[in-house]
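> Quick one, structure for this:
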Amino acid sequence: MALLGAQLVITLVMISVIQKLGPHFSFARWLLCSTGLVRYLYPTDAELKQLASIPKDKLKAKKGGKGPQNGKPNVETFHVPRSLDVQLETAKVTRLDVIHLRYYTEYQWLVDFTVYTVIVYTVTEVYQTWFPLKDEVNLSMMWCTLVLLFSVKLLLSLTVQYFKGEESVGERSTCIVMGFTYLLISMVILIVDENTLELGLEDAYNSFNKSASAFLTKQGLNSSGPASKIVLKFFIALWCGILGALFTFPGLRVAKMHWDLLKYYRERKMIQILLNLNFALPFILIIFWIKPVARTYLTVRVFSGWTQPLLTPHGFETLRILAVVLAMCLKLVLMPSYLQAYLDMAYNRTQEQKKEAGRITNVEFQKKIAAVFYYLCVVTLQYVAPIIMCLILSFMYKTLGEYSWGGLFKEPPDPNECPLTPPNDKNTIDPFSSSESIAQSAAEFHLALENLKSVFSAEVFRGIFGFWTWWCCFVYFATTSVGLIYQSYFSTI
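Numbering: from 1, shown residues only. I've put the predicted structure just below:
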């Protein structure tokens with residue numbers, strides 16, 4: 001109970017921090033307002049008239065015209081050449097600029113709550129190093145679960161926006177097609193042999209089926225298993241298709257920003273190498289789950305001059321988790337650069353418009369510039385939500401899968417040599433105690449809880465979160481790759 005008490009203290013402290021310091025210190029706000037992001041200001045009507053050589057008195061409202069409607073003055077509309085040489089002014093992004101943006105509250109809550117979750121998880125892991133977890137519930141996993149729910153909810157809400165209105169027919173079709181495409185791909189992946197792609201689902205199903213059957217038998221119910229393998233894999237594939245649809249436009253957006261960054265740094269090869277490495281890291285993570293390429297090469301093969309493989313099986317699992325964490329941290333570090341590439345779209349739009357013929361209204365021209373900054377938090381959510389999901393899933397994969405961060409240097413202790421629950425006479429109920437009925441009820445509840453926990457063993461969690469982590473990395477790389485191919489194709493044309 002000592003660890004549970006310490007976790008409760010940590011949780012209460014973090015809740016107090018959220019209430020007291022959250023409004024004043026925000027990591028999410030710091031990412032937008034203190035990393036040097038620059039936005040572009042749209043030209044005013046007076047500046048457009050001056051550049052287009054339009055007399056100011058020519059467009060004044062005629063006498064007897066319509067006055068203000070609903071308390072709002074009429075917007076003056078006039079046409080200017082598309083090839084107008086407009087020089088956009090810049091300004092640093094400040095707190096007052098972003099506080100009114102769409103989805104800013106959701107973005108701030110997701111990022112800040114993720115930071116609090118990482119702190120809780122880190123403190124719990126450090127504390128657990130000296131006081132190992134026995135029968136207590138790891139409260140940090142509840143924090144991680146909330147982060148996953150928030151991330152999926154926000155990605156779902158962003159995707160739903162593409163299904164509203166009549167102007168987003170192409171976006172709706174893209175989401176639906178990509179969802180069914182990933183559904184088909186996941187069905188193919190789920191039938192791949194575990195000796196080739198070690199997702200851990202077979203071991204998880206066998207462990208869950210065996211434990212669930214034993215649990216149902218203890219409850220007096222005859223059952224050979226809770227569900228068939230085909231049914232479970234169908235629902236897993238369905239969830240994979242939904243995740244693929246949710247990751248579609250975030251991946252396309254990241255690919256567009258990555259392509260713009262490569263063009264901006266075309267003369268700086270080292271930065272291009274770093275950007276391409278950052279882009280290819282999810283593919284490297286995918287390879288870690290291909291057994292002949294990764295596990296067999298690192299844990300079975302003995303190189304010349306060595307007496308044993310490079311890594312132990314447990315060390316390989318630790319390396320795989322650390323690789324996911326480091327890859328996601330690198331993406332977070334490069335996040336301001338990608339956001340600046342998005343903000344530079346306003347400048348790029350004006351440069352492309354100068355090559356076009358015809359005329360455009362002042363309102364349309366100003367909206368084209370202002371819309372880029374208006375959707376900054378939407379783009380930020382699309383960038384950061386998949387990264388947060390992969391990071392939190394790796395934490396849950398490590399903890400619930402009963403791995404250790406030091407697996408690269410030492411093997412975990414044998415549970416047979418150091419039993420987690422040694423015999424203790426204090427657990428025996430005293431029949432002469434006045435609280436016999438309460439103690440007996442508590443013991444029965446504890447026994448039922450332990451039986452239920454045995455159904456979800458470490459093998460089950462390894463299969464669930466190992467596959468979920470791998471699939472998120474796979475979908476992230478697949479969607480960004482499709483977006484990069486799209487950008488390269490149309491830029492060539």
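> so how far is the helix or strand Thr159 falls within from its chain's centroid?
Secondary-structure assignment from DSSP states H and E places Thr159 in helix 139-161. Put simply, helix 139-161 sits 9 Å off its chain's centre (C-alpha atoms, centre = their mean, to the nearest Å).
> what's it packed up against?
Contact analysis of helix 139-161 by 3 or more C-beta pairs under 8 Å, 6 or more residues apart in numbering; DSSP states H and E lists helix 2-20, helix 104-130, helix 229-264, helix 376-400 as its packing neighbours. For every residue, glycine as well, the C-beta is placed using N, CA and C.
> any chance of those helices in CSV, with mean neighbour count, mean pLDDT and distance to Ala357 too?
Shown next, in CSV, are these (neighbours: other C-beta atoms under 10 Å; pLDDT from 0 to 100; distance: least, C-beta to C-beta, whole Å):
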stretch, mean neighbour count, mean pLDDT, distance to Ala357
helix 2-20, 14, 67, 55
helix 104-130, 18, 89, 38
helix 229-264, 20, 93, 25
helix 376-400, 24, 94, 30
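> Quick check: which of those is nearest to Met345?
Nearest to Met345 among those is helix 229-264; the distance by C-beta to C-beta comes to 7.5 Å.
> just to revisit the earlier point, got the CA coordinates for the helix holding Thr159 in CSV?
Extracted C-alpha coordinates of helix 139-161, given in CSV (Å, rounded to 0.1, in the frame of the first residue of the first chain):
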residue,chain,number,x,y,z
LEU,A,139,-2.2,5.3,-11.2
SER,A,140,0.1,6.7,-13.9
MET,A,141,-1.5,4.3,-16.3
MET,A,142,-4.8,6.0,-15.7
TRP,A,143,-3.3,9.3,-16.6
CYS,A,144,-1.9,7.8,-19.7
THR,A,145,-5.3,6.3,-20.6
LEU,A,146,-6.9,9.8,-20.3
VAL,A,147,-4.3,11.3,-22.6
LEU,A,148,-5.0,8.6,-25.2
LEU,A,149,-8.8,9.3,-24.9
PHE,A,150,-8.2,13.0,-25.3
SER,A,151,-6.0,12.5,-28.3
VAL,A,152,-8.4,10.2,-30.1
LYS,A,153,-11.3,12.5,-29.3
LEU,A,154,-9.6,15.6,-30.7
LEU,A,155,-8.5,13.7,-33.9
LEU,A,156,-12.0,12.5,-34.3
SER,A,157,-13.4,16.0,-33.9
LEU,A,158,-11.0,17.4,-36.4
THR,A,159,-11.9,14.6,-38.9
VAL,A,160,-15.6,15.2,-38.4
GLN,A,161,-15.1,18.8,-39.6
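> closest to Gly315 out of the helices and strands packed on helix 139-161?
Judged by C-beta to C-beta, the one of these that comes nearest to Gly315 is helix 376-400, at 13.2 Å.
> so what does the closest one touch, helix or strand wise?
helix 27-33, helix 104-130, helix 139-161, helix 229-264, helix 313-333, helix 335-343, helix 458-492.
> switch the cut-off to 7 Å
Helix 376-400 is packed against helix 104-130, helix 139-161, helix 229-264, helix 313-333, helix 335-343, helix 458-492, with contacts defined by 3 or more C-beta pairs under 7 Å, 6 or more residues apart in numbering; DSSP states H and E.
> how about the shortest one: buried residues?
To tie it back to what came earlier, the one meant is helix 335-343. 335, 337-343 (16 or more other C-beta atoms under 10 Å).
> Of all pairs in those, which one is the farthest apart?
Met335 and Leu343 (12.7 Å).
> any chance of the helices and strands packed on helix 376-400 in a markdown table, with distance to Arg349 too?
Output for these, formatted as a markdown table (distance: least, C-beta to C-beta, whole Å):
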| stretch | distance to Arg349 |
| --- | --- |
| helix 104-130 | 23 |
| helix 139-161 | 21 |
| helix 229-264 | 12 |
| helix 313-333 | 26 |
| helix 335-343 | 11 |
| helix 458-492 | 15 |
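> Need the residue closest to the centroid of the chain.
Residue closest to the average C-alpha location in the chain (C-alpha atoms, centre = their mean): Pro386, at 2.4 Å.
> close enough to count as contact, that one and Phe474?
No: using C-beta atoms under 7 Å, Pro386 is not in contact with Phe474; the gap is 11.5 Å.
> Check the burial of Gln353 by counting its neighbours.
When neighbours are defined as other C-beta atoms under 10 Å, Gln353 has 17 of them.
> nearest residue to it other than its sequence neighbours?
Excluding the flanking residues, the one nearest Gln353 by C-beta to C-beta, 6 or more residues apart in numbering is Arg82, at 5.2 Å.
> That neighbour and Asp45, how far apart?
Arg82 sits at a distance of 17 Å from Asp45 (criterion: C-beta to C-beta, to the nearest Å).
> Sounds good, over and out.
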